[in-house]
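Undergrad: with the input below, show me the fold.
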Amino acid sequence: MRQSTRVVLVAIGAGALGIVASLMTSGPGPFLRTELGQRLLGEAISASAPEPPAGVPVASRGETIPAIELPDLGGRPTTLSSLQAGRPMLVNVWASWCGPCIEEMPELQRFATAQGPTGVQVVGIALDDEANVRDFLEKIPVSYPILIDAAGPADAGVRLGNPRGVLPYSILVSADGRLLKQRIGPFVHGEIDAWAQP
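TA: Numbers count the residues shown, from 1 in each chain. A predicted model of the protein is given here:
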């Protein structure tokens, strides 16, 4: 065996041991916060998910997201593309009954405020009843757009690449409408800033 092959194998082994040690000492949290961890988690969840109904488009990394039109809190039909307005977009799928969703809302608001009118556009999609969403937003207000959808086998989360419906779920969409990143689970303070770099 050549020396360079041996070095590569040792490096791979050391990396694997590092991942195992991290998982054993601090649980899956740190690993699942990495891009590799998120990709592996997403693939595992997708592999065990039921097939969406026939004709329901599901987004994949690198591809253009499907056209989605949902009512806003005023009941007006709104498309994701109209909210994007040529900017990168972070779409967060949540519900008022989801504990981790509630915990990350202030972080999403902080990030949205920091982006201003030219940065990444944040959009929330609540898989919930409009009355519940309104009650929730009175307690934890956000200034970014919120759309409403009913949870189900063809809801916006499924169409945006989350066939299991795990919440919270976020995606990063490029300015030209392609799905760049997926995030299963909540963001912790300060984490969105690095993650949302296109």
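
Undergrad: now Val56: closest residue in space that isn't a chain neighbour?
TA: The spatial neighbour of Val56 that comes closest, neighbours along the chain excluded (CB to CB, 6 or more residues apart in numbering), is Ala154 at 4.5 Å. Where C-beta positions appear, they are placed from N, C-alpha and C, glycine not excepted.

Undergrad: quick check, pLDDT for the one you found.
TA: If you check Ala154, the pLDDT there is 93.

Undergrad: swap in the one 5 residues further on?
TA: Predicted confidence (pLDDT) at Arg159: the value is 95.

Undergrad: again, but for Trp97
TA: Per-residue confidence for Trp97 comes out at a pLDDT of 94.

Undergrad: next: Ser143.
TA: pLDDT, Ser143: 95.

Undergrad: in what helix or strand does the residue nearest the centre of the chain lie?
TA: Against the mean C-alpha coordinate of the chain, by CA atoms, centre = their mean, the closest residue is Ser170 at 1.3 Å. With the criterion set as DSSP states H and E, the secondary-structure element containing Ser170 is strand 169-173.

Undergrad: thought the residue nearest to the centre of the chain was touching Gln182?
TA: Yes: here Ser170 lies in contact with Gln182, judged by CB atoms under 8 Å, at a distance of 7.4 Å.

Undergrad: can you tell me how far Glu69 is from Val188?
TA: Glu69 sits 32 Å away from Val188, taking CB to CB, to the nearest Å as the criterion.

Undergrad: and what of Thr79?
TA: For Thr79, the distance to Val188 - CB to CB - is 31 Å.

Undergrad: kindly confirm my reading that Gly75 is in a strand.
TA: No: assigned with DSSP: H, G, I helix; E, B strand; the rest coil, Gly75 falls outside any strand and is coil.

Undergrad: could I get the phi/psi values of it?
TA: phi 80, psi 0 (degrees, to the nearest 10).

Undergrad: likewise for the one 4 residues further on?
TA: When quoted as degrees, to the nearest 10, the phi and psi of Thr79 stand at phi -100, psi 150.

Undergrad: 33 is where my numbering starts, stick with that
TA: Okay, residue one is now 33; in that scheme the one you just asked about reads as Thr111.

Undergrad: wait, it sits on Ile100?
TA: Yes: the pair Thr111 / Ile100 is scored as a contact, 6.7 Å apart, by CB under 8 Å.

Undergrad: more neighbours, those two?
TA: Ile100 (19 against 12; other CB atoms under 10 Å).

Undergrad: in the chain, what helix or strand scores lowest on average pLDDT?
TA: The element with the least model confidence among the helices and strands of the chain, by mean pLDDT, DSSP states H and E, is helix 35-58, at a mean of 51.

Undergrad: specify the local secondary structure of the residue nearest to Val88.
TA: Applying three-state DSSP to Ala186 yields a three-state assignment of coil.

Undergrad: could you give the number of residues near it?
TA: In terms of burial, Ala186 registers 16 neighbours under the definition other CB under 10 Å.
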